[in-house]
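Novice: Pasting a predicted model and its sequence here:
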Amino acid sequence: MTDDPRRTGLYDLHLSLGARMVPFAGWEMPVQYPMGVMAEHLHTRAKAGLFDVSHMGQVLVTPREGDMAAAALALERLIPADVLGLAPGRQRYGLFTNHAGGIGDDLMFANRGDHFLLVVNAACAAQDIAHLRTLEGVQVTPVTDRGLLALQGPLAAEVLARLVPAVAAMRFMDSQVHAWNGVELWVSRSGYTGEDGFEVSVPEARLRDFAQGLLDQPEVAPIGLGARDSLRLEAGMPLYGHDMDAGVTPGQAALGWSIPKVRRAGGARAGGFPGADAVLAELAQGPAAVRRGLRPEGRAPIREGVAIFADAEGGEAIGHVSSGGFGPSVGGPVAMARLPAGLPDGATVHAELRGKRIPVAIAPLPFITPSYKR
């Protein structure tokens, strides 16, 4: 038994590109390349960045009797989303909830015609697969022979279409199968940066070839976990284990939008998922605290764990930063925290840094305007 981090199929490529590798969710992953985090971030916003996300869990859920409607209803017993209404070739964002109404993980799920493809977080993959295997009538198969790449940025479609011309016609949240040099690519027009882009599942044996084909394009640079984090933070996207976890409800995480009317009280398939009573009651009433954006004064970032107070002096903390850092595209620090509901955008709260409280404005999310292809 070893606790050594796992390596993706691009480990040697990362080293050849000068990446600084760090342990992350049980994997050895590139945190940055010689370009540096800020330059990688800005390159992705301006051109196209290539991310190795092969650590994410890819899972197939297949109906045992070929009945996709039955498989969709089975998944709805764990995910408070409209799985049944998802058309073939389309993908949605969803959550696993627990019996207390907290979030067990967040995921993407795609209807691939005769099965569903789920992409889950690396740190939660084993528990998610065990969770899925409690369902009856479906076969749950972890994908172990494919890597996953994300190509993100305003030039991502132009670049990818040089290798796979058919992707140019894809819309945001389409999920399709395309061929490249004799292999099958699983392509979705999605990502986690706020930019247009794609996630591409590639057979492990051809992963490096495909990645190199993208890196050979002049608009593409390799991007590490550091810039991935600042990009998703500017886009107002929560990160599991930070902005949400097993003790945070969908309402508190500002993810109630992922639970549609059909699954809420009065809907045709209301409830039926773990913690439904607590989750739906809170969504109906409104959560007492909810994830909000923060813009500190000055240029000093406020990072995860920093206490937020209502006033410049005295009183108890009203929340803590769940994600925070410098936003290169915004040109200043940005952060998120769960704060008491009802505080208006523009209101001033205070972050305690090194024993001093600095003014922080509550700001609408996202901090940048997303550029998805609708």
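Specialist: Here it is on my side, so go on.
Novice: quick one: strands adjacent to the longest strand along the chain?
Specialist: Longest strand in the chain, counting residues (DSSP state E): strand 317-327. Its sheet considered, strand 317-327 pairs with strand 307-309 (antiparallel), strand 332-340 (antiparallel) by DSSP bridges.
Novice: Might you list the low-confidence residue ranges for the chain?
Specialist: 1-2, 374 (pLDDT under 70).
Novice: Going along the chain, name the strands of the stretch 51-200 of the chain.
Specialist: Secondary structure of the stretch 51-200 of the chain by DSSP state E, counting those that start in this stretch: the strands cover 57-63, 91-97, 103-111, 116-120, 138-142, 146-152, 175-180, 183-188, 197-203.
Novice: Kindly apply the preceding question to the stretch 251-374 of the chain instead.
Specialist: Counting by DSSP E, counting those that start in this stretch, the strands of the stretch 251-374 of the chain are 289-296, 307-309, 317-327, 332-340, 348-353, 356-363.
Novice: Take the ones you listed and write them to JSON lines, including mean neighbour count and distance to Thr193.
Specialist: Quick note: C-beta positions are derived from backbone N, CA and C, even for glycine. Formatted as JSON lines, the strands of the stretch 251-374 of the chain follow (neighbours: other C-beta atoms under 10 Å; distance: least, C-beta to C-beta, whole Å):
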{"stretch": "strand 289-296", "mean neighbour count": "22", "distance to Thr193": "17"}
{"stretch": "strand 307-309", "mean neighbour count": "19", "distance to Thr193": "26"}
{"stretch": "strand 317-327", "mean neighbour count": "20", "distance to Thr193": "12"}
{"stretch": "strand 332-340", "mean neighbour count": "22", "distance to Thr193": "14"}
{"stretch": "strand 348-353", "mean neighbour count": "19", "distance to Thr193": "26"}
{"stretch": "strand 356-363", "mean neighbour count": "16", "distance to Thr193": "19"}
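Novice: got CSV for those strands, with distance to Ala25 too?
Specialist: Output for the strands of the stretch 251-374 of the chain, formatted as CSV (distance: least, C-beta to C-beta, whole Å):
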stretch, distance to Ala25
strand 289-296, 22
strand 307-309, 27
strand 317-327, 16
strand 332-340, 20
strand 348-353, 28
strand 356-363, 29
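Novice: before we move on, back to that, tell me the angle of the longest strand of the chain relative to strand 348-353?
Specialist: Taking axes from the mean of the first three to the mean of the last three C-alpha atoms, to 10 degrees, one finds that strand 317-327 is oriented at 80 degrees with respect to strand 348-353.
Novice: Can you show me the CA trace of strand 317-327 as PDB?
Specialist: C-alpha atoms of strand 317-327 as PDB (Å, rounded to 0.1, in the frame of the first residue of the first chain):
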ATOM      1  CA  ALA A 317     -17.300  37.400  12.800                       C
ATOM      2  CA  ILE A 318     -20.300  37.200  10.300                       C
ATOM      3  CA  GLY A 319     -18.500  34.800   8.000                       C
ATOM      4  CA  HIS A 320     -15.100  33.600   6.700                       C
ATOM      5  CA  VAL A 321     -13.500  33.800   3.200                       C
ATOM      6  CA  SER A 322     -14.000  30.500   1.400                       C
ATOM      7  CA  SER A 323     -11.900  31.400  -1.700                       C
ATOM      8  CA  GLY A 324      -9.800  34.500  -2.200                       C
ATOM      9  CA  GLY A 325      -6.800  35.800  -4.200                       C
ATOM     10  CA  PHE A 326      -5.700  38.300  -6.700                       C
ATOM     11  CA  GLY A 327      -7.800  38.600  -9.900                       C
END
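Novice: got the angle between it and strand 289-296?
Specialist: Using the same axes, to 10 degrees: strand 317-327 against strand 289-296 is 50 degrees.
Novice: what about the helices in the stretch 101-250 of the chain?
Specialist: Remark: helices assigned in the stretch 101-250 of the chain by DSSP state H, counting those that start in this stretch are 125-132, 156-163, 207-215, 225-234.
Novice: which residues are contacting the first one?
Specialist: Right, helix 125-132. Outside helix 125-132, the residues within contact range by C-beta atoms under 8 Å, 6 or more residues apart in numbering are 56-57, 59, 61, 78, 96, 104-105, 107, 118, 120-121, 138, 140, 142.
Novice: between the strands of the stretch 251-374 of the chain, which one is nearest to Asp196?
Specialist: strand 317-327 (19.1 Å; C-beta to C-beta).
Novice: got a list of contacts for the closest one?
Specialist: Contacts for strand 317-327 (C-beta under 8 Å, 6+ apart): 38, 229-230, 233-234, 238-239, 242-243, 289, 291, 294, 299, 301-310, 332-340, 349, 351-352, 367-368.
Novice: can we see that at 7 Å?
Specialist: Contact with strand 317-327 is made by 230, 233-234, 239, 242-243, 289, 301-310, 333-340, 349, 367, as judged by C-beta atoms under 7 Å, 6 or more residues apart in numbering.
Novice: In ChimeraX, how would I select just the buried ones from the contacts of helix 125-132?
Specialist: A single ChimeraX command suffices to select whichever of those are buried according to 16 or more other C-beta atoms under 10 Å:
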select :56,57,59,61,78,96,104,105,107,118,120,121,138,140
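Novice: What is the neighbour count of Asp216?
Specialist: Neighbour count for Asp216, taken as other C-beta atoms under 10 Å: 10.
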